[in-house]
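Student: Kindly return the folded structure for what I paste below:
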Amino acid sequence: MDEPRISGNTIVIPSDMVYLATVDEFISARLTKAGITNSTIADLAISVSEAVTNAIIHGNRNDVAKKVTVRIELNQTRVRIFVKDQGHGFDPDVIPNPTDKENLLKRVGRGIFIVRSLVDSVEFSFSDQGTELILKKNLARE
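Tutor: Down below sits the predicted model:
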């Protein structure tokens, strides 16, 4: 797979950071079309960017042969975005708090913290096929 594939509300990309902007455009376009507020779009775009970055770097270990799948589900009251990699998973309970003094200067460890602060809930699903983050955000309409 050399290029992103879009089908309905799903985009599949190779594990390459060059496609991060494509995912952002995909998410933003769908949320804008649904009439979602700009502030909610910004929160979700940042969250998805962090989740996809983690999926590429940590989940798929920058292996362009592996893919990251992003799927969006919308209804009148909420949005759910699923970000799935093909990695072996991790333990979200042992991620150090990046605001603790000993972690302030570390270059990693902020992604999940940022995601959790911008959405209403984050769920993790682990399987033999990979790791999936489910981001949920209650909607406000303009």
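Student: where does the chain dip in pLDDT?
Tutor: Scanning the chain for pLDDT under 70 picks out 1, 91-92, 94, 96-101, 103-110, 140-142.
Student: Next up, the contacts around S121.
Tutor: 135-136 (Cβ atoms under 8 Å, 6 or more residues apart in numbering). Using the backbone N, CA and C atoms, a C-beta is placed for each residue, glycine as well.
Student: so what's it bridging to?
Tutor: In this entry, S121 is beta-bridged to K136, by DSSP bridges.
Student: Next secondary structure after the helix or strand where I81 lies?
Tutor: Following DSSP states H and E, one finds I81 within strand 78-84. Next in sequence after strand 78-84, counting helices and strands by DSSP H and E, comes helix 111-118.
Student: hmm, back to that, quick check: angle from the strand holding I81 to helix 111-118?
Tutor: Going by axes from the mean of the first three to the mean of the last three Cα atoms, to 10 degrees, strand 78-84 is angled at 170 degrees with respect to helix 111-118.
Student: who does strand 78-84 pair up with?
Tutor: Counting by DSSP bridges, strand 78-84 is paired with strand 67-74 (antiparallel), strand 130-138 (antiparallel).
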